[in-house]
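K.L.:
Model the structure of this input:
(chains A and B)
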Amino acid sequence: MSPHDVVISGIGLVSSLGEGPDAHWRKLVQPGLEPVLEAARFSPYTVHPLPEIDWNLQIAKRGDQRQMETWQRLGTYAAGMALDDAGIKGNDDLCTTMDMVVAAGGGERDEAVDADILAASESRNDRDVLLNEKLTTELRPTLFLAQLSNLLAGNISIVHKVTGSSRTFMGEEGAGVAAVETAAARIRSGQSTHILVGGAFQTEHSDMLLGYELAGYLHRGPWKPVWQRQGAEGGGVVTGSGGAFLVLEQREHAISRGRKIYAELGPVVSGRAKRRQGELDAEIAALLSQAALPNGELLTISGASGAHAATAAEKSALDANPAITARGFSTLTGHMKEAQFPFAVALAALAVERKAAYPAFDAATEKPFNGVPRTVLATAIGYHQFEGMALVNAA
Amino acid sequence: MANLNDHMGRPIVAVTGIGVVTSLGVGKADNWAALTAGTSGIHPITRFPVDHLNTRISGMVDFLPSSSKGASLLTYDLAEIAAQEAVAEAGLDWGDFGGPLFLASPPVELDWSERFSLYNSDKHDIGAERLLRVARCLKGLDVFETTQFGSIADRLADRFGTRGLPITLSTACASGATSIQLGVEAIRRGECDRALSIGADGSATAEALIRFSLLSALSTHNDIPEKASKPFSRDRDGFVLAEGSGALVLESLEAALARGATILGILRGCGEKADDFHRTRSKPDGSPAIAAVRAALADAGLGEDKIDYVNAHGTSTPENDKMEHLSLSTVFGERIGSMPISSNKSMIGHTLSAAGAVEAAFSLMTMREGVIPPTINYDNPDPAIVLDVVPNQKRSAEVGTVLSNSFGFGGQNTCLVMAREPV
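P.N.:
Have a look, this model is predicted:
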C-alpha cells in the first residue's frame, strides 16, 4: 500500500438493469436474474434497452438536455452519478482541478434525414447533389455538436464543471481500456490527484447496430447467454445501452477528504494482438501473466462481447486457469462498447467492496465462487480488436 | 554533457523526426518553401459538387491517390505519409518503431458513397432496416473498418511496428496537440524511450462542410480562395476547412543522444484547461485559454518573457481571433505588441484534428530555420487586435522558443511550448 496508489472513490453506472452501484449490486446478486430484453424494435436483433431515466437528476438545465442526444445525456448522467458518489459534485475546488478521460464513439445521426436521402437516392443519379440539397436544408445545425466524439466530455465540463483537463479516446473497447490505463498512470506518477474516467454507449439507434453488423458481428434469433452463442445465427454480440464512470483518485487524496474507498486499482494492462495472424490466444495469455494474478481462487468480471472468435479465445484462456471463476456480465447488460471496460472495473470494485462474489450470471456455464473476493480481475477483449485487463484489489 | 532532466526532474523530451502533409504539398521541404513564400493552399472544391453550398473553397489535400476514396482511407494515407517522413528522418527502422502510437484523427462515420452503394444494392425494406440487412451479408471487412474508431491506428501500428495498444484521440481542433502531449507524458513517466505522435485529418466531406457551415463557422469568401483565410483581419468571416497531417518522433533526450540522433527541437511543456462555458464559444473572460497558456509555460519552466514567438491557433473566425488576442495579451501583458505571432492557417486553412501536430511541425521548423512564416491576407487589420502578426512577408529571426496554441469545440484548450535547444 502506498500513498500514490490509485483508488476507486466513485462509481456511476447505468444499464438496462437500472442505475447506480447499489441498484446494480442488488440486482446482480440475485441468482438466476433474468436480463431486460427488447427483441421487437430492432428485430432480428435483441438489445438491452435503457431503463427509465429522470435526466433532471443529473442534468439540471433543460437547455443542456436539449443540446444533447441520448448518448451524451447518458454519459453526462453516469458521470454526474460518479461525481456525486465521490463527494466531488458541486465542489468547485475539486471539479476545477479534476482531470477527465472519456472513452467515446460518435453520437446519433438523424435517422429520418438519412432515410429520406436514401429513399430519394433510388431515383436520382446525381446523388452528390442530392446530398447537398438535403443536408443543407434538413440537418438541425446543433446536431453536429451532439455527434462529435469529444462533446460528451465537453458536456460533462459544462454540466458538472469538471475542467482540469479533458481528453477523449476513441476506438471501441480499447478506448475504455486506454482511458483507465492512462488515468491510472497519471495518478501513479503524480501527474494528477483525481480523474473522472468512463464512457457511455446508446445502442438503440440503427447506426450503432450498423457499426457491428457491417462485419456481421450481431447475434440474431432467440437470445442466449454470452458464453452460449457459438454456432448460433449471427455473430454473437448482443448490445446494450449503458454507461460507466469511475472516479480514480490518489489514495492519500481520497483519505485526506475522508472518502469511502471502494477498492484499489492494481495493474492495468493492454495489448493489440494481430488477430489475423492468430495472435489473440497468445496475447490474452500474455496479459494474464502481466496482470500478476494472485494465488488462489480469482473472481473474473469478463467483458466478453459474445463475438464468436474473441469470446471463444477468452473463454478458453480463462477456462485453462482452474483458479479463475468468470462472470460474463454481457449476459445481463449487453455489450456496451466504449463503456465495457469501465463497467467491468466498476463491477469488480463493487464485489471487492461488498466482500462477496456475484452468483453465476449463466448457471449452465459459470461455476460457483465460494470465497471472499479480495482481488478481482476485469477484462475487455475487443469484439474486433484491442485487449485489456485490470486487477482490482481490496482497499 | 547535456542535462538530461528538466526543471522538475523529468526526462527532457526531444524531437528527432518531423513529417507533414498539407494542401501545400507532401513533406517538409515543399511545405516550408510554400509557407515562407506566403503561398496559399486554399482552392476551389472539386472533390464533390458544390451546388447549394455557401462555402465552395477549402484546403483539401487533392493530390493523393486516396483523396477521393473517403475520409478513412485518406486520413490513413495522410498519417502514414507524415509518419514515414518523421520516422525516416529520425533514422529509425520503418517497421519496428518500438514505442507507443498516439493518433489524433477525426471521428469516423460510414461515408455517404458507401451508404448509397449499400442501400441501392437491394430493393427490400426501407431506410436503416435495408442497410442492416445488406450489411450482414457483406463480404470482406473494408467497409466495416472505415466505421471503427480504432482501425486507422491499428493499421498504422502494423505499418510502423509501434508498441502496445495504440491510442486514438479526439479533443476536436486541439487533437494534434493532445497527441503530442500524450507522447510527452508517456516518456516523462518513463513508460517508453520514444513515442510516435500523429495528427491526421482527411475528413473534408460534403457533410462535414455542411455541418460547419450550419454553425456559421466557415468563410464564404469564395471568389478569391487564397484570400479567404485572413486571421486577425477586420473582415475575417470564418475558417477554411482543410486537410493535412503532422507527425513527430518524440524521444527522451537521453535515448536520442545515446543513439546519436539529430535533435530537431525540444518539447518543453504542455498545458491544458477545459472550458465549461458553452459548446462552441469560450468563456468571455478568456480564463480557460489563459490558464492553458500559463500551464504550458509553468510545465516548461519558462516565464512569460522567455517566449520568442507564438504560433497562433488563428483560425480566422471572429470569435477565435478575438479570444486568442485577449488571452495572449492577458498572459504576456505589454510585451504582446512586440512579439511575433503568426497563423499558419492563413495559408493552409484549418486542418482540424491535424492542426496541432501540423503547427507543431512548423513551429519546430521556424526555430531551426530562423525564419517566421507570415500571416498572409493581412490587408485590413482588426483595430481591436493589435498584434505583430508578421504580416504578409516571412521574417528572419532568432527563435529559441515557441508557444503553439490549439483551441477546440467542447471547451478544449491545449498549448505546447517548444524550444530549439535542450538548455
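K.L.:
Chain A contacts on the stretch 301-423 of chain B?
P.N.:
Counting by C-beta under 8 Å from any C-beta of the partner chain, the residues of the stretch 301-423 of chain B close to chain A are B:408-412. Heads up, the C-betas are built off the backbone N, CA and C, glycines and all.
K.L.:
Now, those residues that are in strands?
P.N.:
The members of these that map onto strands under DSSP state E are B:408, B:412.
K.L.:
Just the closest of the residues of the stretch 301-423 of chain B next to chain A to B:F277, please.
P.N.:
Taking C-beta to C-beta as the measure, B:G411 is the one of those closest to B:F277, at 7.0 Å.
K.L.:
what's the closest residue to the closest one other than its chain neighbours in contact with, if anything?
P.N.:
Among residues not flanking B:G411 along the chain, B:D275 sits closest, at 3.4 Å (C-beta to C-beta, 6 or more residues apart in numbering or on different chains). By C-beta atoms under 8 Å, 6 or more residues apart in numbering or on different chains, the contact set of B:D275 is A:157, A:163, B:282-283, B:288-289, B:411-413.
K.L.:
if we go to 10 Å?
P.N.:
For B:D275, the contact set (C-beta atoms under 10 Å, 6 or more residues apart in numbering or on different chains) comprises A:154, A:157-158, A:163, A:166, B:281-283, B:286-289, B:291-292, B:407-408, B:410-413.
K.L.:
ok, and what's touching the one helix or strand A:T136 maps to?
P.N.:
In the assignment (DSSP states H and E), A:T136 maps to helix A:127-138. Surrounding helix A:127-138, the residues in contact under the criterion C-beta under 10 Å, 6+ apart are A:110, A:112-114, A:116-118, A:120-121, A:123-124, A:126, B:47-54, B:112-113, B:115-117, B:120, B:205-207, B:209-211, B:213-214.
K.L.:
which strands and helices sit next to the very next helix or strand once past that helix?
P.N.:
Using DSSP H and E, the helix or strand that follows helix A:127-138 in sequence is helix A:143-147. Using 3 or more C-beta pairs under 10 Å, 6 or more residues apart in numbering or on different chains; DSSP states H and E as the contact criterion, the elements in contact with helix A:143-147 are helix A:62-67, helix A:70-85, helix A:151-160, helix B:206-214.
K.L.:
State the mean pLDDT of the second one.
P.N.:
Think helix A:70-85. Across helix A:70-85, pLDDT averages out at 98.
K.L.:
For the next helix or strand after it, which helices and strands make contact with it?
P.N.:
Per DSSP H and E, the first helix or strand lying C-terminal to helix A:70-85 is helix A:92-96. Here helix A:92-96 touches strand A:194-201, going by 3+ C-beta pairs under 10 Å, 6+ apart.
K.L.:
re earlier: give me the buried entries from the contacts of helix A:127-138.
P.N.:
Neighbour-count burial (16 or more other C-beta atoms under 10 Å in any protein chain shown) applied to these gives A:110, A:113-114, A:117-118, A:121, B:47-50, B:52-54, B:112-113, B:115-116, B:205-207, B:209-211, B:213-214.
K.L.:
any idea whether A:A339 is helix, strand or coil?
P.N.:
helix (DSSP: H, G, I helix; E, B strand; the rest coil).
K.L.:
How about B:V184?
P.N.:
Relying on three-state DSSP, one would call B:V184 helix.
K.L.:
what about it, neighbour count?
P.N.:
Around B:V184 sit 24 other residues, with neighbours defined as other C-beta atoms under 10 Å in any protein chain shown.
K.L.:
Also A:H4?
P.N.:
Neighbour tally, A:H4, other C-beta under 10 Å: 13.
K.L.:
pretty sure it contacts A:I255?
P.N.:
No: with contact defined as C-beta atoms under 10 Å, A:H4 and A:I255 do not form a contacting pair (11.9 Å).
K.L.:
what's the nearest residue to B:G408 if we skip its chain neighbours?
P.N.:
In space, B:G408 is closest to B:A172, 3.1 Å off (C-beta to C-beta, 6+ apart).
K.L.:
mind showing which ranges of chain B have poor pLDDT?
P.N.:
Under the criterion pLDDT under 70, the flagged ranges of chain B are B:1-2.
K.L.:
hmm, what's the outermost residue in it?
P.N.:
Relative to the centre of chain B, the most outlying C-alpha is that of B:H124, 43.8 Å out, by C-alpha atoms, centre = their mean.
K.L.:
from memory that one sits against B:R133, does it?
P.N.:
Yes: with contact defined as C-beta under 10 Å, B:H124 counts as touching B:R133 (7.1 Å).
K.L.:
B:G202: what's it in contact with?
P.N.:
B:21, B:60-61, B:64, B:66-67, B:69-79, B:105-106, B:152, B:243-245, B:351-354.
K.L.:
Kindly recompute the last result at 7 Å.
P.N.:
With contact set as C-beta atoms under 7 Å, 6 or more residues apart in numbering or on different chains, B:G202 has these partners: B:61, B:71, B:74-75, B:78, B:243.
K.L.:
separation between the residue nearest to B:G411 and B:S327?
P.N.:
Distance of B:D275 to B:S327, given as C-beta to C-beta, to the nearest Å: 11 Å.
K.L.:
Can you report phi and psi for the nearest residue to A:A395 once chain neighbours are set aside?
P.N.:
Nearest non-adjacent residue to A:A395, counting by C-beta to C-beta, 6+ apart: A:I261, 4.1 Å away. Dihedral angles of A:I261 (phi, psi; degrees, to the nearest 10) stand at phi -110, psi 120.
K.L.:
tell me the contacts of A:I261?
P.N.:
Contacts of A:I261 (C-beta under 7 Å, 6+ apart): A:7, A:9, A:254, A:395.
K.L.:
Format those as a markdown table; extra columns: neighbour count, pLDDT and secondary structure.
P.N.:
What follows is the contacts of A:I261, written out as a markdown table (neighbours: other C-beta atoms under 10 Å in any protein chain shown; pLDDT from 0 to 100; DSSP: H, G, I helix; E, B strand; the rest coil):
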| residue | neighbour count | pLDDT | secondary structure |
| --- | --- | --- | --- |
| A:V7 | 25 | 98 | strand |
| A:S9 | 28 | 98 | strand |
| A:A254 | 26 | 98 | helix |
| A:A395 | 18 | 93 | coil |
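K.L.:
Specify the beta-bridge partners of whatever residue of the stretch 251-395 of chain A ends up closest to chain B.
P.N.:
Chain B sits closest to A:S270 of the stretch 251-395 of chain A, with a gap of 4.0 Å, by C-beta to the nearest C-beta. Under DSSP bridges, the beta-bridge partners of A:S270 are A:G388.
K.L.:
what ranges do the helices span in chain B?
P.N.:
Taking DSSP state H, the helices of chain B run over residues B:28-36, B:71-90, B:112-119, B:127-136, B:142-145, B:151-160, B:175-188, B:206-214, B:253-258, B:287-300, B:318-332, B:345-348, B:355-369.
K.L.:
Contact partners for the residue lying closest to A:D64 once chain neighbours are set aside?
P.N.:
Spatial nearest neighbour of A:D64, chain neighbours left out: A:V159 (5.4 Å); criterion: C-beta to C-beta, 6+ apart. Contact partners of A:V159, counting by C-beta under 7 Å, 6+ apart, are A:59, A:64, A:76, A:80.
K.L.:
Which one (most neighbours) among those residues?
P.N.:
Neighbour counts for the contacts of A:V159 peak at A:T76, which has 27 neighbours (criterion: other C-beta under 10 Å).
K.L.:
What is the neighbour count of the closest residue to A:V197 other than its chain neighbours?
P.N.:
Spatial nearest neighbour of A:V197, chain neighbours left out: A:A183 (4.4 Å); criterion: C-beta to C-beta, 6+ apart. By the criterion of other C-beta under 10 Å, A:A183 has 28 neighbours.
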